[in-house]
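Chemist: Just need the structure, nothing else, for what follows:
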Amino acid sequence: MHTSYRASRQGLPAPRFARNLLGLLLAGATPATQAAETLLPALTVSGDDYSGYRADSAAVGGFETAPLLDTPASIAVFNEALIKDQQARLLSEVLKNDASVGESYAPVGYYENFMLRGFSLNAANSYRINGRSIAGEQNVGLENKQQVEVLKGLSGLQSGISEPGGLINYVTKRPTDVRSVTVATDDRGSGYLATDVGGWFGSEQQFGLRANLAHEDIHSYVEHTNGQRDFAALAFDWNISPDALLQLDVEYQTREQRSAPGYQLLGGSELPHHASPKKLLAHQSGSKPVSSEALNLNGSFEYRFDDQWKGTFSASRSRVVIDDYSSFAWGCYGAASCAGTTVPNHFSREGDYDLYDFRSPDDTRRNDEAQAMLSGNFAAGGLDHELNVGTSALRRVVDKRDAINQMIGSANINGEPADFPRYDGPLNDSYRHLDSRQYGLFINDRISFNEHWQTVLGAREVRLDEKTFDSQGDTRRHTQRYVFLPQAALIYKPIENLALYTRYSKGLSLGGEAPWFASNAFDILAPTVSRQIEAGIKYDWQRISLAAALFQIRQAYQYSRPNEDGSFTYTQQGEQKNTGLELSANGWATQRLQLSASVAAIRARVSGSDTPAYEGHQALNVPTLRASLHGDYALPWLDGLALLGGVQYSGSKYANRQGEVRTGSYAVFNIGSRYSTRIDGYDTVFRLTVDNLFDKRYWRDAGDYMGDGYLFQGPPLTARLSASINF
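Modeler: All right, here's what the predicted structure looks like:
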């Protein structure tokens, strides 16, 4: 019975599966006497599944795993096969495969953040594991992840308060019979070791465990920024009965690495000249690394009342503690050419910049979430319904110190800075900076009129209770708000493998935090409402999935408004409207060639901001065109050998809000190979990847963070080699 239940969880109808299996056993049975005389050796089959990069379903588009063809949203899924073939260690190395995604302040040695459809994600609630919220101020380990799912566009129904660009969900691996070890290195001498061990046990094989362990010695392409990482994860499944399933996950990671600050515009109006991605700005020999400790816990209990109805309760805790130390490059108070500028938040025309000793230890972020849901299928009024109804609660707290940000000297981008005396004063006391609670009631109903027409109607009522505090414990802002977030979609399927859809969504996003130099420094603004309309088409042709989506998103514009006296005030005023087209193809183009490809064209405009210089042109850090292609070709003359390769293209993008400085467009080419063989009876896979084959110099990120603009160069040529052995 437990085995039958697990099969049904994997999408196999349990009774039919059992009957088919029984028939095979009866058909292949031999007389008992003959069986006694014939003793066959045990056969163990293991190895990686190369069925392809194409995924048929995802959980990020709704409340349960659903076929992508029937989900009225633009969703990208990157599975374990693609992650392994590209030897990805960071989320940025996975999301490079999606043209709708760009980096938005992702320094080497720090946690990454991204833009989706031209809007920055928020670490507070844009990242999830198994559908539950996590603190996004971490580089989540990929060793125990089955796939990474990207929902593009508003997700208010699914997650409540979130950014309009979209949502990223990690799906963890479940217990299975696996024994594998992976070792890897790169051209800079990095070391990597990972193990994946799992199995089922118990009198009825009702218990499942899977453990993932990894250690990484990071030799960064940026000088003086080497580091290390340790990761451990455990997944537990318990088939309590044929109708009850308990799943638990825990993962723990420590990471230590010096962070690399970004460049800033020269004189506020010119890109830095001859910048090298390998150079560490503001290098101080005695500076400490950024260290982080992340713990993510989540679990779910599912009970089937009958064939049509089930209940699910899930809960999670995510806690990240960051000791944020940095020798930081910012501004040019120390340069003569910057004299008289009230806030010189750029490098000087000559390339001079100031060095700051930044210290913010014990920076703690915690997300706690619980959700209860009832799901079922029923017929009413001649229509078929798939209903989800439930309630959720999420609490996010931020405990931190007022950071030490002491200017200690100045340097120039063309030279190596001197070692300056470090700050030796006391640290500020830690205090509760944010306490945000949101409670939600949601309902989602998929109504099937016939085999061609469906509608999906849903809504979430959100109650937000959010407080921000100053270092004395006094309340700076208290927001209490009720918001109704509707979502409606219509799906038309003229044939079984073709779907056309249109969707309207409303969302609520957390307000941004004012930068330290603003007149309202560190204020967190009130949440903002966003809206989206989207139309798309999805077509599964043979073994490849094709999709296209046209969208428009509107959100209140948040920015540091320049004042007449040269100062800034962080405010919400005006609107940013992004309109775009997305195209994608995933799967097997031929018997030997599989592809993962996407293209995104986005027009992003600001209006009504009361700052004319910020309007009438493409928004900051959003290229009008981006594309990505990855291919895998199995060579016909040597079994087990495949050639890998691809390219990422980005059009130019503006590096300041006035639209005066533009980075160049670029194309980065990658090649690689995969060879599967057996060594001493063990399945073994070798992988070689070479990223940025032609060692292209380009600006991968030209966005802003906390009100300041930063420029980050893309990594140089990088070669990686790995070997995975399955026991």
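
Chemist: From L142, how far off is V250?
Modeler: 16 Å (C-beta to C-beta, to the nearest Å). (Glycine included, C-beta is placed from N, CA and C.)

Chemist: between these two, which one's more packed in?
Modeler: Higher neighbour count among V250 and L142: L142, with 21 against 16, using other C-beta atoms under 10 Å.

Chemist: can I assume the more buried one is in contact with S92?
Modeler: No. Using C-beta atoms under 8 Å as the test, L142 is too far from S92 to be in contact (11.3 Å).

Chemist: Can you tell me which residue sits nearest the middle of this protein?
Modeler: Centroid-nearest residue in the chain: I168, 4.4 Å away (criterion: C-alpha atoms, centre = their mean).

Chemist: Just grab the bridge partners of that residue for me.
Modeler: On the basis of DSSP bridges, I168 takes part in beta bridges with Y127, V150.

Chemist: OK, contacts around it?
Modeler: 60, 91, 95, 114, 121, 126-128, 148-151 (C-beta atoms under 8 Å, 6 or more residues apart in numbering).

Chemist: can you check D384 too?
Modeler: 377-378, 447-448.

Chemist: any idea which element it lies in?
Modeler: Assessed by DSSP states H and E, D384 sits inside strand 383-401.

Chemist: For K310, state which of the contacts of D384 is nearest.
Modeler: Nearest to K310, judged by C-beta to C-beta, of those is N377 at 10.0 Å.

Chemist: Indicate each strand paired with the host helix or strand of that closest one and its parallel or antiparallel sense.
Modeler: If you go by DSSP H and E, N377 is part of strand 352-380. Paired neighbours of strand 352-380 in the sheet (DSSP bridges): strand 309-330 (antiparallel), strand 383-401 (antiparallel), strand 404-412 (antiparallel).

Chemist: got the buried residues for the first one?
Modeler: Spelled out, that is strand 309-330. 310, 312, 314-330 (16 or more other C-beta atoms under 10 Å).

Chemist: cool, the last one as well?
Modeler: Judged by neighbour count (16+ other C-beta under 10 Å), strand 404-412 contains these buried residues: 404, 407-411.

Chemist: Save these as a markdown table, and put in pLDDT too.
Modeler: A markdown table is the format used below for those (pLDDT from 0 to 100):
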| residue | pLDDT |
| --- | --- |
| I404 | 93 |
| M407 | 96 |
| I408 | 96 |
| G409 | 96 |
| S410 | 97 |
| A411 | 97 |
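
Chemist: Quick one: those as CSV, columns for distance to S430 too.
Modeler: Converted to CSV, these look like this (distance: C-beta to C-beta, whole Å):
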residue, distance to S430
I404, 13
M407, 23
I408, 24
G409, 28
S410, 31
A411, 31
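
Chemist: Which one of these is nearest to D435?
Modeler: I404 (24.0 Å).

Chemist: ok, the residue lying closest to the closest one once chain neighbours are set aside to F328 distance?
Modeler: Once flanking residues are discounted, I404 sits nearest to R359: 4.2 Å by C-beta to C-beta, 6 or more residues apart in numbering. Distance from R359 to F328, counting by C-beta to C-beta: 10 Å.

Chemist: Also A719?
Modeler: Taking C-beta to C-beta, one finds A719 at 31 Å from F328.

Chemist: which element is Y110 on?
Modeler: Here Y110 is assigned to no helix or strand, by DSSP H and E.

Chemist: That one touches P289, doesn't it?
Modeler: No. With contact defined as C-beta under 8 Å, Y110 does not reach P289; the gap is 10.5 Å.

Chemist: and stretch 521-532, C-alpha only, in CSV?
Modeler: Presented in CSV, the C-alpha positions along stretch 521-532 are these (Å, rounded to 0.1, in the frame of the first residue of the first chain):
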residue,chain,number,x,y,z
ALA,A,521,17.7,57.7,5.7
PHE,A,522,16.7,54.1,6.5
ASP,A,523,13.0,54.7,6.3
ILE,A,524,11.1,51.8,4.9
LEU,A,525,8.3,53.1,2.7
ALA,A,526,4.7,51.7,2.7
PRO,A,527,3.8,48.8,0.4
THR,A,528,2.7,49.5,-3.2
VAL,A,529,0.1,48.0,-5.4
SER,A,530,1.0,46.6,-8.8
ARG,A,531,-1.1,45.3,-11.7
GLN,A,532,-0.4,43.0,-14.7
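
Chemist: For P107, the count of nearby residues, please.
Modeler: By other C-beta under 10 Å, neighbour count at P107 equals 21.
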